[in-house]
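> Below: sequence and its predicted model.
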Amino acid sequence: MKNSNSSNLGTETISKLLVKQAVPASIGILVMSLNILVDTIFVGNWIGSVAIAAINVVLPVSFFIAALGMSIGVGGSSIISRALGENNYKKALRVFGNQITLTLLFTIIFVVFGLFFVDNIIPAFGGKGDIFEPAKVYYTIVLYGVPFLALCMMGNTVIRAEGNPKFAMYAMLIPSIGNLILDVVFIKFLDLGMAGAAWATTGSYLCCFMYILWYFYSKYSTLKIQTNQFRLDTPIVKEIASLGFVTLSRQAVVSVTYLFLNNILYKLGGETSVTAYAIVGRMLMFALFPVYGITQGFLPIAGFNYGAKNYKRVKETIFTAIKYAVVLGTLVFILLMVFPEFITKLFTSDTEVLKETPHAMRWVFAVTPIIAIQLIGAAYFQAIGKATPALLLTLTRQGFIFIPLLLVLPNMFGELGVWISFPIADVLSTIITAYFLYREVKTNLAPKD
C-alpha cells in the first residue's frame, strides 16, 4: 500500500514541506527539553543543587544506552526513507522488524552491564564526594526504564520516516508531560527525593512506549509490527549498523565528553562547577530546539528525494534548511547573551553557582548562529546513506577537536579553558563541514548533462 504521507516528500514545495516536518519535530524537542529543564528546576529547588550535579553524572550513561535505540532508528530510517522513495515497501517493513530486534538485544545487554558495574561507572563520570549517593539512587532506577526509552527513540525516527511528523511529535510530548506530572507527585507530595525523580522519569518512558506500540498497530502506520520480520537479515543489519554507527558514535563521544568535563570541572571547582555545567548542559538541550527540529525535519525529505534521484530537490532542501536554522540560531544566541543571569536563577539560589554559570553560558553559546551548517551538513550524508563522511563529520566537533582542547586549555587557563573550548570547537568543525558539504553539492548534486 502506498503511503500518501511519504509520497508528499517528493512533491510538495520544499519550504512548505520543511515547515511541516520541522515544526512538529521542534515542538517535540521543545517539550522534551522543557521536561528536562523543568525537571532540573524541580530537583534543584525541592532536593538541592547537588542533586542537579548527580543527574548530570547519570545522564551520559543512560542516554548512551538510549542512543543505541536512536542509532538503530536513524540508521534503519535512512534505509526506510530511501526504500519508500523507491516504492519498495517490502524492504521497508523488513528493515523495521530488524530494528526492533536489534534495539531489544543491545539495550538489555548494556542495562545488565550498567547495573553490574554501577559502583565503578558513577565515580568515573564525576559522581564523587557528596554527588555519589544521590547519583547512584537515580542511576539504578532510571536504568530499568532505559530499554523502553530506546524503543521509543527507535520508533520515533521510523514514524518520521513514514512521513507522519505529528505522531512523532506526540510521542515526544507524552513522556515530557508525564514526567512533569509524576515529578510533582513523587517529589513534592510523596517526598521521595532522588528516588521520586528517578521513578518519574522511568514512568514517563513507559508511557511513551505504550503510545509508540499503539501507533504501529493503528491504521496510521504502513509499517506494521510483524513477528515474522524480527529475524535478523545480515545485509540489512550491516547497513543499519554502518549508518546507525554515526549516531551511536556521536552519543558515545558525548558520553566521553561528559566524563572529561565532570572530572575536570570537579577538580577545578568542585560540586559548584559541575552544577554550573549541568545547568548550561540543560540549556544546550533546550535552547537549540528549533535548530534540532529543522535538522530532524530535513532528514526524511533529503533521504526520500535522494532515493527518488531528484537531486535538484535535495539541493534545495539543504540550502533552505540551513537558511531557516541560521535565523533561528541567531535568535537563540541573542536571548542567551542578554538573559543568562535570569535563566540561572530559575534553577538555583546557590550564590556560587549563580556567580559562575552566566559567564560559562555566554562562552558556550558564543557562536550559536553558525552551528546549523555543521548539524545539517553531517545529517545530509547520513540521510543519503554515506556512512563514512557522516561519521567523520559527526565526530569532528566532539572527538577530533573538543576533547583535545579540553585536555590542553584547562591546564593553561583553568576553568576559562573549559568554557572557551566550546566556541573554538564549533567554529573549526563548521568550517570543515561547510567545505565537504560544498564539494558534495558541486560534484554529486550538480545537474547531469
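Sure, I can see it. Numbers count the residues shown, from 1 in each chain.
> Just confirm Arg195 contacts Val142, I think it does.
Heads up, residue 195 is Ala, not Arg. No - Ala195 lies out of contact with Val142 (CB atoms under 8 Å); the separation is 10.4 Å. All C-beta spots, glycine's among them, are computed from the backbone N, C-alpha and C.
> Secondary structure class of Leu232, three-state.
Secondary structure, DSSP: H, G, I helix; E, B strand; the rest coil: Leu232 is coil.
> Hmm, it is touching Asn98, no?
Yes - using CB under 8 Å, Leu232 makes contact with Asn98 at a distance of 5.8 Å.
> Point out where the chain drops to low pLDDT.
Regions of the chain meeting the criterion pLDDT under 70 cover residues 1-7, 10-11, 28-29, 31-36, 446-449.
> Which other helices and strands does the one helix or strand Ile121 maps to contact?
If you go by DSSP states H and E, Ile121 is part of helix 118-124. Packing partners of helix 118-124 (3 or more CB pairs under 8 Å, 6 or more residues apart in numbering; DSSP states H and E): helix 49-85, helix 132-161.
> any idea which helix or strand comes after the first one?
Read it as helix 49-85. helix 89-116.
> what comes up buried for that next one?
For helix 89-116, the buried set under the neighbour-count rule, 16 or more other CB atoms under 10 Å, comprises 89, 91-104, 106-107, 110-111, 114.
> With stretch 251-267 instead?
251-266.
> Off-centre distance for that stretch?
17 Å (CA atoms, centre = their mean, to the nearest Å).
> got it, and stretch 245-261?
On CA atoms, centre = their mean, the centre of stretch 245-261 falls 11 Å from that of its chain.
> And the contacts of it?
When contacts are defined by CB atoms under 8 Å, 6 or more residues apart in numbering, stretch 245-261 is touched by residues 56-57, 59-61, 63-64, 67-68, 70-71, 74-75, 124-126, 277, 378, 382, 387, 390-391, 394-395, 398-399, 402-403, 406-407, 418.
> Any of those buried? List them.
Among the contacts of stretch 245-261, those classed as buried by 16+ other CB under 10 Å are 56-57, 59-61, 63-64, 67-68, 70-71, 74-75, 125-126, 277, 378, 382, 387, 390-391, 394-395, 398-399, 402-403, 406, 418.
> quick revisit: tell me which of the buried residues of stretch 251-267 fall in strands.
Residues of the buried residues of stretch 251-267 located in strands (DSSP state E): none.
> what's the closest of the residues you listed to Phe347?
Nearest to Phe347, judged by CB to CB, of these is Leu265 at 16.3 Å.
> Would you agree the closest one is in contact with Ser273?
Yes - between Leu265 and Ser273 there is a contact at 3.9 Å, judged by CB under 8 Å.
> any common contacting residues for these two?
Glu415.
> What are the phi and psi values at Leu232?
phi -70, psi 130 (degrees, to the nearest 10).
> What number of residues are in the vicinity of it?
Other residues within reach of Leu232 by the criterion other CB atoms under 10 Å amount to 12.
> That one: what's it in contact with?
Going by CB under 8 Å, 6+ apart, Leu232 touches 98, 101-102.
> change it to 6 Å
Applying CB atoms under 6 Å, 6 or more residues apart in numbering to Leu232 gives the contacts 98, 101.
> going forward can the numbers begin at 51, since that is how I track them
Right, with 51 as the first residue, what we last looked at is Leu282.
> Can you give me the distance of it to Ile150?
11 Å (CB to CB, to the nearest Å).
> follow-up on the earlier one: would you tell me which of the helices and strands packed on helix 168-174 gets closest to Lys365?
helix 99-135 (15.8 Å).
> What helices and strands are in contact with the closest one?
Helix 99-135 is packed against helix 64-96, helix 139-166, helix 182-211, helix 284-337, helix 339-357, with contacts defined by 3 or more CB pairs under 6 Å, 6 or more residues apart in numbering; DSSP states H and E.
> May I see the helices and strands packed on helix 168-174 arranged in JSON lines, with distance to Ser226 as well?
What follows is the helices and strands packed on helix 168-174, written out as JSON lines (distance: least, CB to CB, whole Å):
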{"stretch": "helix 99-135", "distance to Ser226": "15"}
{"stretch": "helix 182-211", "distance to Ser226": "12"}
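> Perfect, I'm done here.
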